[in-house]
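K.L.:
okay, predicted coordinates and the sequence, questions at the end:
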Amino acid sequence: MYAYIARRLLATLPVMAVVGIAVFLLLHLTPGDPAVVIAGDYARPEDIEKIRENLGLNEPLHVQFFSWVGALLSGDLGTSIFSNLPVAKLIGQRLEPTLALAIATIIFAILVAVPMGVIAAWKAGTLTDRVIMVFAVLGFSVPVFVIGYAMMWLFSITLGWFPVQGYKPIGDGFWPFLRSITLPTVALGIIYVALIARITRASMLEVLTEDYMRTARAKGLDNNALLIRHALRNASVPIVTIIGIGIALLIGGVVVTESVFNIPGLGRLTIDAVLRRDYPIIQGVILIFSGAYVIVNLAIDLSYTVLDPRIRY
Amino acid sequence: MPRLLTATRRAALAALAAAPMALGLGVGPASAESVLRIVPHADLKNLDPIWTTAYITRNHGYMVYDTLFAQDDKLNIHPQMVGEHSVSDDGLVYTFTLRDGLKWHDGDPVKAEDCVASILRWGKKDGMGQKLMDFTKELKAVDDKTFTLTLNEPYGLVLDSIGKISSNTPFMMKKEHAETDPNQQVPEVVGSGPFRFVKDEWVPGAKVVYVKNEDYVPRSEPASGAAGGKVVHFDRVEWIYIPDPATAMNALINGEVDLWETPAVDMVPLLEQNENIELAVIDPLGTQGWLRPNHLHPPFDNPKARRALLYAVDQAVYLQAIVGDPKLYKECAAYFICGTPNESDVGVEALQSHDPEMAKQLLAEAGYKGEKIILMQSTDIPVLNAAALVTAQVLRDVGMDVEVQAMDWSTLTSRRAEKKSPADGGWNIFHTYATGADATSPIANIGVSGGGVERAWFGWPTDEKTEQLRDDFAREADPMKKKAIIDELQGRLFEEVVPYVNYGQWFQPVAWRKGLNGVLVSPVPFFWNITKDSG
């Protein structure tokens, strides 16, 4: 087991290296020049050239690459071309809102979706099942920003329960934090609720028809024990897998949600950096995202051994 | 929407609204009256207003730095940091004396040598500054409060240059910072302006915080534009960057911010209906649209093809597409902005006539035979996106073969520097716009330069006569003679050069919560002079 974890962790290194090279090349081969953006609309070519020189952007590509890698290996993600602030500081400023939103969304989605899926499977073919599945289809179909604006109108503008925008760090107090994170969490979470509920239902339906479930029923187990201890546990591997995929998909969803609710997270940092070609930020954030993706996948794989004792690494 | 609610639903909603108050969860008003919250037009990404021409950095400059001279709401120049100034009889020596009480944010007094270093740095970077430096023989500090500027020959734009309101605005910095290479950012923000920048609270992409500079001594004159007394009525000003227009509007309606600098034009009708919101155009100069042809390559290397564009373009169509509301735009053919002393009606007939048949005839005379026109379309800036789509149709209507190439603005700004032929990766046309403050004179308006490949702006018009007239304008001090030069220059621009086609002038409203008073009329938003009613 430990050897497996060590192997997987070691395997992340080539993955990260490939991501790093691909991101670096893609960015630098994409048209667009941060020096032009900095210099502004009225700059003379010689001013632009001087800025490129000062930023090291006129160096050959391989020199820029090895300079970046060298700094990276010593733990330096670089400095933003525009703000002159360290990328690590910028990511640090943005990490909490994104993590808070992502974790809250996954917790919300699991707490709502798994019971919904279990109930839908248990009541398969009934009105309850159909209502849940209609919700799942709708939740999967309506874009996050539509849900976000609708909730903003109702809960912020009309009822005044929540702020329209912004993020309060948990250090400012739990209630302000909760108020700032509730609407974005629900808006972003609905799509994952729909996704997880559908998978849970399908997985549970398959398990509920197994022979051992019939045996369990024949033994006189009550519904709760039957559904949770026997059915859900055996149906959990696909559910956990889809939750893992959901976490990866969250990266895209977070970008939209952060824009709609004006949360200063990593998603918005990335978008702004891409539009301005702030290479060090884009490279840093994508490395962080890819690292997180690899770790989440590893955690999901390891969870299989807990959920299904037959799985061994 | 509330009208659609029944009484029962309204009562239910009211009860629901009251519920969180009981739990202590109410939104409530801002905690302190002395905080002014602004949604700026862009994110403040960098802090040096000489290093970059970005308007948001210029606005930041006005918060923390001060200027020697400043333009009022009629664009007249007034002393700001300067107490007294004089010009020698031969017009060659300008003497400036700083007013009393000027201090840097670190407590040091502002000295003449700081101002000399600041002007020199700005003069290496800014177009008007470079022109001024071309005429400058010597710039030196005489004592701690006095410095002189000596010219090689009389120059009519000395005060207009060092008092210019827009980018690059000549902000005064400490000597040690002003000696930084103008193509590198200054290491820290130490100004002498009415606000101090709080670097620890700066979150690029989200929030910028300024606090009142208690040491600042405002002038005694009332505030007007960038001139007059900069009296600050808030302890703290927060710029909260909200990129999504719908969210910004909702934040303003909900009272989470006090002022939104650039409401999206399609949100204006909604804001107008809200009784808590006031809307006003505070920049009387507005913005001018530029359709820029590439003068280096066919067909627009031929003056007749460029003039064909004047006949093809109908400003009303562009303005409808990009603004929509006639209250917020004006058909204006003048190169140097309608509503300014440099507005002229010489030569405007071609642009005002909208005559597609004449455009076709001129294209034929120019020898256009259906070659592909590469039109670069910036899809991430709504105004430019719409203008490009209109132009594509306008050109097709007069028989041109147009290929619209979509890209983001960053890509476009790199691509437009390409001088290669359109078939080899160059281009024929792109669109941009200039704020009125940057286009009011032949020197400030970089788009009319005829300096060719070496000195003109992207598109590279080449015309010695234009350059001669621009120089004449710079040298001339007599307003009547200046106006005559403007008329002659504009005639030349319409008849021969057509450096760009002006596709209209529009005005960006600003929205703020009722109870906010003293918002100044100016091309630049200023946050002094503003007060907020209590309660």
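P.N.:
Great, that's in hand. Numbering: from 1, shown residues only, chains lettered A, B, ... in the order given.
K.L.:
ok and the residue in the stretch 201-313 of chain A nearest chain B?
P.N.:
Using CB to the nearest CB, A:P264 is the residue of the stretch 201-313 of chain A that sits closest to chain B, at 3.4 Å. Heads up, the C-betas are built off the backbone N, CA and C, glycines and all.
K.L.:
A:P14: what secondary structure?
P.N.:
helix (DSSP: H, G, I helix; E, B strand; the rest coil).
K.L.:
same question, B:V209
P.N.:
Assigned state for B:V209: strand (three-state reduction, three-state DSSP).
K.L.:
contacting residues for it?
P.N.:
With contacts defined as CB atoms under 8 Å, 6 or more residues apart in numbering or on different chains, B:V209 is in contact with B:197-198, B:201-202, B:236-239.
K.L.:
ok so, going back, wait, doesn't the residue of the stretch 201-313 of chain A closest to chain B sit right on B:A206?
P.N.:
Yes: contact status for A:P264 versus B:A206: in contact at 3.4 Å, counting by CB atoms under 8 Å.
K.L.:
mutual contacts of those two, please.
P.N.:
Shared contacts of A:P264 and B:A206 (CB under 8 Å, 6+ apart): A:Q93.
K.L.:
show me what contacts whichever residue of the stretch 201-350 of chain B sits closest to chain A?
P.N.:
The minimum distance from the stretch 201-350 of chain B to chain A, using CB to the nearest CB, falls at B:A206 (3.4 Å). When the contact criterion is CB under 8 Å, 6+ apart, the partners of B:A206 are A:93, A:264, A:268, B:43, B:240-241.
K.L.:
how does it look with 10 Å?
P.N.:
B:A206 makes contact with A:93-94, A:97, A:166-167, A:262-265, A:268-269, A:272, B:43-44, B:239-242 under the criterion CB atoms under 10 Å, 6 or more residues apart in numbering or on different chains.
K.L.:
so which of these sit within helices?
P.N.:
With helices taken from DSSP state H, the overlap with these comprises A:93-94, A:97, A:268-269, A:272.
K.L.:
distance from stretch B:134-151 to the middle of the chain?
P.N.:
29 Å (CA atoms, centre = their mean, to the nearest Å).
K.L.:
list the buried residues for it?
P.N.:
Applying a neighbour-count criterion of 16 or more other CB atoms under 10 Å in any protein chain shown, one finds B:135-136, B:139, B:141, B:145-149, B:151 buried in stretch B:134-151.
K.L.:
what two of those have the greatest distance between them?
P.N.:
B:F135 and B:K145 (24.5 Å; CB to CB).
K.L.:
verify the stated contact: A:W153 with B:T247.
P.N.:
No: here A:W153 does not reach B:T247: they are 11.5 Å apart, not a contact under CB atoms under 10 Å.
K.L.:
anything in contact with each of these two?
P.N.:
Residues touching both A:W153 and B:T247 by CB under 10 Å, 6+ apart: A:V164.
K.L.:
which stretches of chain B have low pLDDT?
P.N.:
Along chain B, the model assigns pLDDT under 70 to residues B:1-33, B:535.
K.L.:
measure how buried B:E272 is and give me the count.
P.N.:
Neighbourhood size, B:E272 [other CB atoms under 10 Å in any protein chain shown]: 14.
K.L.:
the closest residue to B:G107 other than its chain neighbours: which element?
P.N.:
By the measure of CB to CB, 6 or more residues apart in numbering or on different chains, the closest residue to B:G107 outside its immediate chain neighbours is B:D215, 7.6 Å from it. Counting by DSSP states H and E, there is no helix or strand that carries B:D215.
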